[in-house]
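In: Need a 3D model of the following:
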Amino acid sequence: MNIIQKSFCAALMILGACGSMQAQQVEYTKEDSIQVVKLLQEAPKKRGTENRIFYFGKKFLGLPYVAHTLELGDTEHLIVNLHGLDCTTFVETVVALSMCDQQNQRTFDDFCKNLTKIRFREGKMTDYTSRLHYFTWWAEDNERMGIVKNISFEDAPFTAVQTIHINYMSEHPALYKQLKNHPQFVPVIKQLEEASEGKQFRYIPKKNLRWLQNTVLGVVKDGDIVAMLTDSDGLDTRHIGIAFWQNGRLHLLHASSLYKKVLMSQETFYDYEMKQPKHTGIRVFRFVEK
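Out: Numbering: from 1, shown residues only. Model (predicted):
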């Protein structure tokens, strides 16, 4: 086992957390791994019937927002960081915990396996190009594996269509450390981007987010994963989070770069989106309960 650590593993061996990661490199702290095990062990007693994604998402309220936590080192490896999350690592962490709880698998090793499965194409980590960098890739891959399902039905409130045109990474390789250091990755990323070109997906225009829970917008449930879309800059999304209802209006649980922490937005999702000029609307995905 080749493990890169920020702290020692002795205490984790007692918890059975370091036993079978084999040759996969995992970077984490002792505190991160202990927290994972604690969350997984207490969930059967405390979650009740609450939606798993929503339950685990709330466990990170107040945690600092930290960007670029996956861009460490020169080779791709699994990074577990529960002391600082951005919008993507927040959602990935919550989904991996939900998978473990659903499977009744409660070790740090189990968590790492699930995190690898959802973060990398076909669940296999090879190099930087195997990471699911765009949400379109993440959604397609995780839907194909049966981890999430797209609920964007061809009726209200999903009244608009997004046409995918992603090229930001290949057009701006200098902004990505791994692409800058490994230019051979750029044509691979470009080929993957081109494979997504022109795909279309239905979404909810942000103006429809003002509708109440007792309307067709009620198809969105507490704990649904929401991707905030953009139609510019060679990107497909600008932010992701978790939806929840409060007083009949839709809100957002997310790692906020503005407030520098994970929070349940007091403003409605509609009010939040109307302040984002580059956002067009949302796609919605639901964790598959088995």
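
In: how close does W137 get to V91?
Out: Distance of W137 to V91, given as Cβ to Cβ, to the nearest Å: 14 Å. No exception for glycine: its C-beta is placed from N, CA and C like everyone else's.

In: Report how many residues lie close to D155.
Out: By other Cβ atoms under 10 Å, the residues close to D155 number 10.

In: Check the secondary structure at it for me.
Out: Of the three states, D155 takes coil under DSSP: H, G, I helix; E, B strand; the rest coil.

In: which ones are touching it?
Out: D155 makes contact with V216, according to Cβ atoms under 8 Å, 6 or more residues apart in numbering.

In: swap in F56?
Out: By Cβ under 8 Å, 6+ apart, the neighbours of F56 are 39, 43, 93-94, 97-98, 101.

In: how about a cut-off of 10 Å?
Out: Neighbouring residues of F56 by Cβ atoms under 10 Å, 6 or more residues apart in numbering: 39-40, 43, 47, 50, 93-98, 100-101, 223, 242.

In: cool, P205 as well?
Out: With Cβ under 10 Å, 6+ apart, P205 has these contacts: 157-160, 229, 273, 280-282.

In: Please apply the same query to Y203.
Out: Neighbouring residues of Y203 by Cβ under 10 Å, 6+ apart: 152, 157-162, 226-229, 280-284.

In: ok, of the residues you listed, which come out buried?
Out: Among the contacts of Y203, those classed as buried by 16 or more other Cβ atoms under 10 Å are 152, 157-158, 160, 162, 226-229, 280-284.

In: just checking, which of the contacts of Y203 belong to strands?
Out: With DSSP state E as the criterion, strands contain 160-162, 226-229, 281-284 from among the contacts of Y203.

In: any idea of the pLDDT on A156?
Out: On the pLDDT scale, A156 is placed at 85.

In: That one: how many residues sit nearby?
Out: Using other Cβ under 10 Å, the number of residues around A156 comes to 13.

In: And for L175?
Out: Neighbour count for L175, taken as other Cβ under 10 Å: 10.

In: Longest strand in this protein, by number of residues?
Out: Longest strand in the chain, counting by DSSP E: strand 237-246.

In: Just the CA trace of that one, in PDB.
Out: What follows is strand 237-246, C-alpha atoms only, in PDB (Å, rounded to 0.1, in the frame of the first residue of the first chain):
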ATOM      1  CA  THR A 237     -22.000  24.600 -15.000                       C
ATOM      2  CA  ARG A 238     -20.800  27.200 -12.600                       C
ATOM      3  CA  HIS A 239     -21.800  25.800  -9.200                       C
ATOM      4  CA  ILE A 240     -23.400  22.700  -7.600                       C
ATOM      5  CA  GLY A 241     -25.200  22.000  -4.400                       C
ATOM      6  CA  ILE A 242     -28.100  20.300  -2.700                       C
ATOM      7  CA  ALA A 243     -31.800  21.500  -2.800                       C
ATOM      8  CA  PHE A 244     -34.100  21.700   0.200                       C
ATOM      9  CA  TRP A 245     -37.500  23.200   0.900                       C
ATOM     10  CA  GLN A 246     -38.300  25.700   3.600                       C
END
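
In: who touches the spatially closest residue to R249 that is not a sequence neighbour in this structure?
Out: In this structure, R249 finds its nearest non-sequential neighbour in T268, 4.7 Å apart by Cβ to Cβ, 6 or more residues apart in numbering. By Cβ under 10 Å, 6+ apart, the contact list for T268 reads 209-210, 246-252, 274.
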